[in-house]
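J.: Structure, please.
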Amino acid sequence: MRIWPERVFALKVDIDTREGLNNGVPSLLDDFSALGLRASFFMSWGPDNSGRALLKLFTSPRFFLKMLRTRATRTYGWRTAVSGVLLPARMIGSARPDIVREIISQGSEVELHAWDHRLWQDTLSRRSKEWIADWFNRAISAHANATHNRPQAFAAPAWMIDAIALEEVSRRGFRYLSCTRAVEPFLLAPTGLPEIPGNIPCTEEVGGMEEVAAAARAAGGGVLTLHAEVEGGPWKVQMREKLLLPLMNEGYKFVTTGEMAARIGKTGLKERRHEMRLLRGRSEPCAV
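T.: Residues are numbered from 1 along each chain as shown. Reported below is the predicted structural model:
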């Protein structure tokens, strides 16, 4: 049974770095405004420790090849590449409430992605429940300070979750989640919350916007995951000309993830646990 609304996509924008927030988000807002679109921006609120990924160049061959394939320094910039290692880690969302307010003023949503994205992505499996609880405390506090509301949704950094993290998620009052790369929505055990997964591959995973558009057409609906650093940066024109405009001209509609979650609801969703799987174009397993 099909669960996604036919020919409807939610626009989900992950913000992982300070450069992505400073430059990519305003760029995307300009495009969305011109096209009459709204999106859900999942914010990293804390320090940009992206430079810690440099350590993985020596320990993960898949990560090294991914950095070469995606021309990471061109996409993310040298300041991001050394942030938190050779240069101080700059705060992301908590340092730019002006941009957060602009997102909201344009009718888009701001939801929770991370406190420290890099540390979650690289070390979650080694972290205690106390560390995870503190991570959420910091992120939710920063979100509330900037938006004057609690986040309604959580999207796990790099689609990485585990049992301890999900126990904490269950206690945080979220309305829905977007933590996996599954084909269809489901209830994510043990939280009992609707999981609205990213079912379309990201640009940097498949190599180009035409491939993303083809995957979107094949799926017929779901969640398009964009990144402020990618589609708001060097892939900006291709996103507009080869993804959004063609799909709009073909009659596809775009909504926020919150609107998608409301359309789907909980009735009829099967509950299951996630599993970790290495997907095409990724250097580490993610939840599916």
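J.: Flag every buried residue along the longest helix anywhere in the chain.
T.: With secondary structure taken from DSSP state H, the chain has its longest helix at helix 129-147. Neighbour-count burial for helix 129-147 flags 132-133, 135-136, 138-140, 142-143, 146-147 (criterion: 16 or more other C-beta atoms under 10 Å). Every C-beta, even on glycine, is put in place using the N, C-alpha and C of the backbone.
J.: possible to save those as CSV with pLDDT?
T.: Shown next, in CSV, are the buried residues of helix 129-147 (pLDDT from 0 to 100):
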residue, pLDDT
I132, 98
A133, 98
W135, 98
F136, 98
R138, 98
A139, 98
I140, 98
A142, 98
H143, 98
A146, 98
T147, 98
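J.: got a list of contacts for stretch 237-255?
T.: If you take C-beta atoms under 8 Å, 6 or more residues apart in numbering as the criterion, stretch 237-255 is touched by 7-11, 31, 35, 37-39, 203, 208-210, 212-213, 216-217, 224, 226, 231, 263.
J.: Only whichever of these are buried, select them in ChimeraX.
T.: Listed next is the ChimeraX selection for buried residues among these, using 16+ other C-beta under 10 Å:
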select :8,9,10,11,31,37,38,39,203,209,212,213,216,224,226,231
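J.: Sort out which of the contacts of stretch 237-255 are in strands and list them.
T.: When DSSP state E is applied, these are split such that 8-11, 224, 226 fall in strands.
J.: you'd agree G24 is up against G233?
T.: Yes. In this structure, G24 is within contact of G233 by C-beta atoms under 8 Å, at 5.4 Å.
J.: What ranges does the stretch 1-150 of the chain have for its helices?
T.: 18-19, 25-35, 61-69, 72-76, 78-81, 97-105, 117-123, 129-147 (DSSP state H, counting those that start in this stretch).
J.: where's A189 relative to I140, distance?
T.: Distance, A189 to I140, by C-beta to C-beta, to the nearest Å: 23 Å.
J.: Specify which member of the ones in strands among the contacts of stretch 237-255 is nearest to R272.
T.: Closest approach between the ones in strands among the contacts of stretch 237-255 and R272, by C-beta to C-beta: A10, at 20.9 Å.
J.: Identify the residues contacting D116.
T.: Shown in contact with D116 (C-beta under 8 Å, 6+ apart): 44, 46-47, 49, 135.
J.: Check which residues of stretch 215-229 are buried.
T.: In stretch 215-229, counting by 16+ other C-beta under 10 Å, buried: 215-216, 219, 221-229.
J.: quick one: which two of these are the most distant?
T.: G221 and E229 (25.7 Å).
J.: For this structure, give me the ranges with low pLDDT.
T.: Regions of the chain meeting the criterion pLDDT under 70 cover residues 1, 54-75.
J.: 90 instead?
T.: Applying pLDDT under 90 to the chain flags the ranges 1-2, 51-88, 207, 283.
J.: hey, where'd the strands end up in the stretch 151-288 of the chain?
T.: Assigned by DSSP state E, counting those that start in this stretch, the strands in the stretch 151-288 of the chain fall at 153-154, 176-177, 186-188, 193-195, 222-227, 253-255, 271-272, 276-277, 286-287.
J.: thinking E184 is in contact with W4, fair?
T.: Yes. Between E184 and W4 there is a contact under C-beta under 8 Å: 6.8 Å.
J.: shared neighbours of the two, which are they?
T.: With C-beta under 8 Å, 6+ apart, E184 and W4 have common neighbours N199.
J.: Looking at these two, which has the bigger crowd around it?
T.: Shown here are E184 and W4; by other C-beta atoms under 10 Å, W4 has more neighbours (21 against 17).
J.: How about that one: what's its closest non-neighbour residue?
T.: G221 (3.8 Å; C-beta to C-beta, 6 or more residues apart in numbering).
J.: One more: Q152?
T.: Distance criterion C-beta to C-beta, 6+ apart; nearest residue to Q152, sequence neighbours excluded, is R175 at 4.5 Å.
J.: Isn't that neighbour up against A153?
T.: Yes. The pair formed by R175 and A153 meets the contact definition of C-beta under 8 Å, at 6.3 Å.
J.: residues bridging contact with those two, i.e. touching both?
T.: 258, 261.
J.: Mind checking which of the two has more residues around it?
T.: Taking other C-beta under 10 Å, R175 and A153 do not tie; A153 has more neighbours (25 against 15).
J.: In contact with the more buried one, which residues?
T.: Listed by C-beta under 8 Å, 6+ apart, the contact set of A153 reads 40, 42, 111-112, 174-178, 196, 257-258, 261.
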